[in-house]
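Peer 1: the amino acid sequence is not available; the structure is as follows:
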C-alpha cells in the first residue's frame with residue numbers, strides 16, 4: 001500500500017494548526033509504505049516556507065487555520081515553480097468546490113481514516129506522473145526560436161539552440177548560453193510549458209537543454225549533478241527529479 005514504484009519514498013508535508021491533529025496524521029503516514037513525513041507546519045505562511053526549504057512531493061493541508069488559511073495557501077502553492085500535489089484535510093465538507101478551484105488533487109474529511117488517507121496519497125502520486133506525461137507530450141508548434149531580453153544595449157536575442165540552462169532566482173530567470181548569462185522576464189513555468197520537448201526540469205529552479213546533457217553524476221555527498229557537453233556549468237538535480245532525469249537519459 002502506498003508504494004510509489006520508484007524505489008524512493010514520496011515526501012509529505014503535514015500542515016494543520018492543531019498539534020495533536022498533526023501528530024495523528026504523521027503517525028498514520030508512517031504506517032504506509034512508500035511515504036515519509038519530511039516536515040510539519042501550523043499555518044499557511046509556515047507551509048510556504050517549509051515547501052521552499054523541504055521541497056516535498058505532497059502537502060496535506062488543513063483549511064481552517066489562523067492567519068493565512070489553507071485555501072489561500074493552496075493558491076500560492078499553485079503559483080510556485082514545480083508545485084507539490086495538495087490534498088486538503090478538513091473537518092468541514094462545505095469547502096469542496098473552493099478547494100478544487102485551487103487545483104488540489106484530493107479532499108478528505110477528518111477524522112482521517114487510514115484507508116482513506118492511503119487512497120488520497122496514491123491518487124496524488126499517480127496524478128503527478130500523468131501530468132508530467134501530458135506536459136512532455138504537448139505541442140511545440142508555438143515554440144520561439146529565440147528568447148528576447150531587454151538589456152542596456154537594447155533587446156538581445158538569444159537563440160534557443162545556444163541555451164544550456166534556465167535558472168530561476170526570486171523574480172528573475174537567468175539564461176545560461178554560449179555567449180554568457182542573460183536575465184529575462186519569463187517565468188520558469190512558462191518556459192517549461194513552451195519548451196517541454198527540448199528542456200527538462202531538473203530542480204525547482206532549473207530547466208536544462210536535453211541535447212546538452214552528457215551524463216548524470218552522483219557526488220560523494222549524495223547530491224546529483226549534470227555534466228553538460230559544452231560548458232563547465234554543472235546544474236544540480238534535486239532528489240525529486242533524479243528518477244525522471246535518469247529515465248529520460250535512458251530513452252535517448
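Peer 2: Now that the structure is in, tell me what you want to look at. Note that this is a predicted model, so its numbers are computed, not measured. Numbers count the residues shown, from 1 in each chain.

Peer 1: helices of the stretch 101-250 of the chain, start to end?
Peer 2: For the stretch 101-250 of the chain, helices defined by DSSP state H, counting those that start in this stretch occupy the ranges 114-137, 188-194, 242-251.

Peer 1: the closest residue to residue 242 other than its chain neighbours: neighbouring residues, count only.
Peer 2: Nearest in space to residue 242, with sequence neighbours left out and distances taken as Cβ to Cβ, 6 or more residues apart in numbering, is residue 224 at 5.4 Å. To be clear about C-beta, it is placed using only N, CA and C from the backbone, and glycine gets the same treatment. By other Cβ atoms under 10 Å, 20 other residues sit near residue 224.

Peer 1: and the host helix or strand of residue 75, what's its mean pLDDT?
Peer 2: Assessed by DSSP states H and E, residue 75 sits inside helix 70-78. Across helix 70-78, the average pLDDT comes to 89.

Peer 1: now the residue sitting nearest the centre point of the chain: how far from residue 187?
Peer 2: Centroid check for the chain by Cα atoms, centre = their mean gives residue 82 as the closest residue, at 2.8 Å. Distance of residue 82 to residue 187, given as Cβ to Cβ, to the nearest Å: 12 Å.

Peer 1: is it true that residue 89 touches residue 28?
Peer 2: No - contact criterion Cβ atoms under 8 Å: residue 89 and residue 28 do not qualify, at 10.5 Å.

Peer 1: kindly reformat the helices of the stretch 101-250 of the chain as CSV containing mean neighbour count.
Peer 2: CSV is the format used below for those (neighbours: other Cβ atoms under 10 Å):
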stretch, mean neighbour count
helix 114-137, 15
helix 188-194, 17
helix 242-251, 14
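
Peer 1: circling back: buried ones in the helix holding residue 75?
Peer 2: Residues 70-71, 73-74, 76-77 are the ones in helix 70-78 that count as buried (16 or more other Cβ atoms under 10 Å).
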